[in-house]
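Visitor: model this:
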Amino acid sequence: MPIRRAHITSSAAQSELTTALADLRVELKIPADFPSDVLEEAQEAASAADPMPDRVDLGAIPFCTIDPQGSKDLDQALHIERAGAGFTVRYAIADVPSFVTPGGALDTESRRRGQTLYAPDARVPLYPTVLSEGAASLLPDEDRRALVWRFALDARAQVTDVALDRAMVRSVRQWSYVDAQAAVDAGMAPESLELLAVIGPLRQQLERERGGASLDAPDEEIIRTEHGYDIERRSPLPIEDWNAQVSLLTGMAAATVMLDGGVGILRTMPPAGEDTIAAFRRQTKALGIPWADGVDYGEYLRSLDRDSPAALAVMQAASGLFRGAGYLAFARRPAEDPVQAAIGAPYAHVTAPLRRLVDRFGLEICHALLAHESVPAWARDGLAALPSIMGSSSALAGRLAAGAIDRVEAAILSSRVGETFDAVVLSVGKGHARVQLLDPVVTASMGAGDAAPGSSVRVRLVSADAATGTVILERVPQAAAG
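Guide: Reported below is the predicted structural model:
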């Protein structure tokens with residue numbers, strides 16, 4: 001779908017929103033500044049000599065990073081080359097473990113935070129920026145410590161060999177997704193990006209074959225501009241999906257390493273139950289886009305036209321198939337290998353250690369197991385607490401994101417009370433319906449009445465309060481809508 005933005009037109013609404021977003025962070029008790037001892041330890045770690053100097057020198061390999069425009073906390077750098085009929089993929093991950101002293105102030109604070117939190121008016125990092133945007137970040141034209149995965153892939157992009165080394169790397173360019181996609185489309189991309197456009201689709205085909213699926217709903221993101229805040233809704237670029245496939249490949253390989261080694265932590269998601277699947281199948285039929293028997297649900301979701309109002313309602317309903325994600329820590333191999341149902345394979349988080357606590361542990365465990373060394377005590381002993389830490393921090397991140405979206409949407413609508421809008425019904429619950437306005441592109445609730453998912457309705461804006469993120473809509477009778 002094309003990029004669509006909704007704007008706040010009132011300066012008074014922008015001012016009210018600024019206050020509301022700050023109040024939201026206070027209400028949710030979002031961490032503010034780092035304690036002084038954490039900042040001091042981070043500065044010392046950033047300035048100190050590498051505590052693990054015996055690294056492989058990969059400085060001559062032209063790694064590159066691919067991230068959203070303006071990113072500074074760069075966890076991953078990529079290099080791909082041909083290897084006969086197959087490929088060699090090197091995926092450098094920021095060596096955060098080498099900067100963190102187990103049991104120190106930095107370690108303790110990172111366990112308290114769990115992950116980087118993103119608010120429209122502030123980014124609350126997991127680690128102080130001297131590390132997360134400085135010494136530990138894989139910034140271009142800088143020698144950086146990294147844990148480098150090396151994958152041998154065959155002609156179908158299936159993994160045939162895995163290695164993980166501590167190395168020094170040097171990124172030659174920081175690509176934004178938009179610029180990287182443009183370079184690929186113009187035939188002007190370097191070899192790594194050219195080959196990413198080859199192995200990405202191959203990995204997507206393997207995902208289909210193992211029954212994996214992505215909801216792939218349009219992104220709804222708050223954009224900060226010179227005038228204030230907008231909401232942008234768009235579908236990911238192809239290169240974003242291809243890049244994600246390398247991260248998924250890495251996470252699946254890490255899960256296998258940890259399962260074979262009998263120690264680690266996995267990202268899990270149970271498969272949808274039979275009743276949930278049956279209910280979703282009935283919903284697709286009612287929405288006029290029936291999910292046919294014999295078609296894998298991943299293939300069905302991939303077939304949807306994301307610009308169709310009925311498809312938007314189907315994707316809203318499909319979110320019920322992607323619930324129950326969590327973490328499983330283990331000190332011996334589970335009796336049955338847990339599968340992340342959306343991916344269709346065991347999976348672990350090991351590619352974003354600057355932004356997620358759990359990745360620091362998974363990386364260190366994988367490195368030890370692949371090197372046939374003992375897993376460090378800090379990594380093994382810390383596993384049991386990680387599911388709770390990550391669950392709590394993810395819940396907080398979800399509340400922050402939802403609260404921010406609600407407040408920005410209310411601010412966008414605040415100057416239009418009394419107006420009527422075209423909308424699509426996304427879902428119907430007990431006494432209320434969730435609808436998406438077509439212009440501006442925001443979502444809100446109204447009384448359910450006889451609304452049906454996927455139907456087009458006309459609604460009137462009764463009120464919009466940016467301070468609380470509350471929007472009240474009422475349905476306009478069809479005769480009055482004209």
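Visitor: Counting residues, name the longest helix you see in the chain.
Guide: helix 386-413 (DSSP state H).
Visitor: Which SSE is immediately downstream of that one?
Guide: Scanning forward in sequence from helix 386-413 by DSSP states H and E, the next helix or strand is strand 420-428.
Visitor: what does the following helix or strand past that following strand rub up against?
Guide: Counting by DSSP H and E, the next helix or strand C-terminal to strand 420-428 is strand 432-437. When contacts are defined by Cβ atoms under 8 Å, 6 or more residues apart in numbering, strand 432-437 is touched by residues 312, 316, 421-428, 442-449, 451, 457, 459, 473. (Each C-beta comes from the backbone N, C-alpha and C, glycine too.)
Visitor: what's the answer for stretch 293-302, then?
Guide: Contact with stretch 293-302 is made by 207-208, 211-216, 277, 280, 284, 291-292, 315, 318, 321, 344, as judged by Cβ under 8 Å, 6+ apart.
Visitor: Now do the contacts for the closest residue in space to T470 that isn't next to it in sequence.
Guide: Among residues not flanking T470 along the chain, A410 sits closest, at 6.4 Å (Cβ to Cβ, 6 or more residues apart in numbering). Contacts for A410 (Cβ under 8 Å, 6+ apart) come out as 464-466, 468-471.
Visitor: Helices of this protein, residue ranges please.
Guide: Remark: helices assigned in the chain by DSSP H are 11-27, 36-47, 105-113, 129-130, 177-185, 191-209, 238-261, 274-286, 297-302, 309-318, 357-370, 377-381, 386-413, 478-481.
Visitor: Just say which of the ones you listed is most tucked in.
Guide: Mean neighbour count (mean count of other Cβ atoms under 10 Å) peaks for helix 357-370 among the helices of the chain, with a mean of 24.
Visitor: Let me see the mean pLDDT of it.
Guide: On average, the pLDDT along helix 357-370 is 98.
Visitor: Now that helix - C-alpha only, CSV.
Guide: Extracted in CSV, the C-alpha atoms of helix 357-370 (Å, rounded to 0.1, in the frame of the first residue of the first chain):
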residue,chain,number,x,y,z
LEU,A,357,18.6,-7.7,27.2
VAL,A,358,18.0,-11.4,26.3
ASP,A,359,20.1,-11.2,23.2
ARG,A,360,23.3,-10.6,25.2
PHE,A,361,22.8,-13.9,27.0
GLY,A,362,21.9,-15.9,23.9
LEU,A,363,24.9,-14.6,22.0
GLU,A,364,27.3,-15.5,24.7
ILE,A,365,25.9,-19.0,25.1
CYS,A,366,26.0,-19.6,21.4
HIS,A,367,29.6,-18.5,21.2
ALA,A,368,30.6,-20.8,24.0
LEU,A,369,28.8,-23.8,22.6
LEU,A,370,30.1,-23.4,19.1
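Visitor: remind me which residues of the stretch 251-400 of the chain are low pLDDT?
Guide: 307, 309 (pLDDT under 70).
Visitor: Recalculate using a threshold of 80.
Guide: Applying pLDDT under 80 to the stretch 251-400 of the chain flags the ranges 283, 286-287, 297-298, 306-313, 315-317, 319-320.
Visitor: per-domain residue ranges of this structure.
Guide: 31-261+328-381, 274-319, 408-481 (automatic domain parsing).
Visitor: Return the member of those domains having the minimum mean pLDDT.
Guide: domain 274-319 (a mean of 81).
Visitor: List the contacts of A272.
Guide: Here A272 is in contact with 280, 320-321, 323, 341 (Cβ under 8 Å, 6+ apart).
Visitor: Go again with 7 Å.
Guide: Shown in contact with A272 (Cβ atoms under 7 Å, 6 or more residues apart in numbering): L321.
Visitor: Work out the gap between the longest strand belonging to the chain and the centre of the chain.
Guide: As assigned by DSSP state E, the longest strand anywhere in the chain is strand 159-176. Centroid separation between strand 159-176 and its chain, computed with Cα atoms, centre = their mean, to the nearest Å, is 20 Å.
Visitor: again, but for stretch 283-290
Guide: Stretch 283-290 has its C-alpha centroid displaced from the chain centroid by 29 Å (Cα atoms, centre = their mean).
Visitor: who touches it?
Guide: 291, 304, 310-311, 313-314, 317, 453-454.
Visitor: what's the straight distance from one end of it to the other?
Guide: 8 Å (Cα to Cα, to the nearest Å).
Visitor: ok, now stretch 364-376?
Guide: Span of stretch 364-376 from end to end, Cα to Cα: 8 Å.
Visitor: I would like the residues contacting it, please.
Guide: Residues from elsewhere that reach stretch 364-376 (Cβ under 7 Å, 6+ apart): 97, 147, 163-164, 166, 254, 257-258, 261, 263-264, 350, 379.
Visitor: doesn't L248 make contact with V350?
Guide: No: between V350 and L248 there is no contact under Cβ atoms under 7 Å: 11.1 Å.
Visitor: re the thing from before, sort out which of the contacts of A410 are in strands and list them.
Guide: 464-465, 470-471.
Visitor: and of those residues, the nearest to P51?
Guide: Of all these, P51 sits closest to T470, with 51.5 Å by Cβ to Cβ.
Visitor: so what's that closest one bridging to?
Guide: D465 (DSSP bridges).
Visitor: which of the contacts of A410 are buried?
Guide: Buried members of the contacts of A410, counted by 16 or more other Cβ atoms under 10 Å: 464-466, 469, 471.
Visitor: Of the residues you listed, which is the nearest to A45?
Guide: G469 (38.8 Å).
Visitor: Excluding sequence neighbours, find me the nearest residue to the closest one.
Guide: G469 sits nearest to D406 (Cβ to Cβ, 6+ apart), 3.0 Å away.
Visitor: any idea how far the one you found lies from A313?
Guide: Separation of D406 from A313 (Cβ to Cβ, to the nearest Å): 20 Å.
Visitor: Could you do L248 as well?
Guide: For L248, the distance to A313 equals 28 Å [Cβ to Cβ].
Visitor: A371 now?
Guide: 50 Å.
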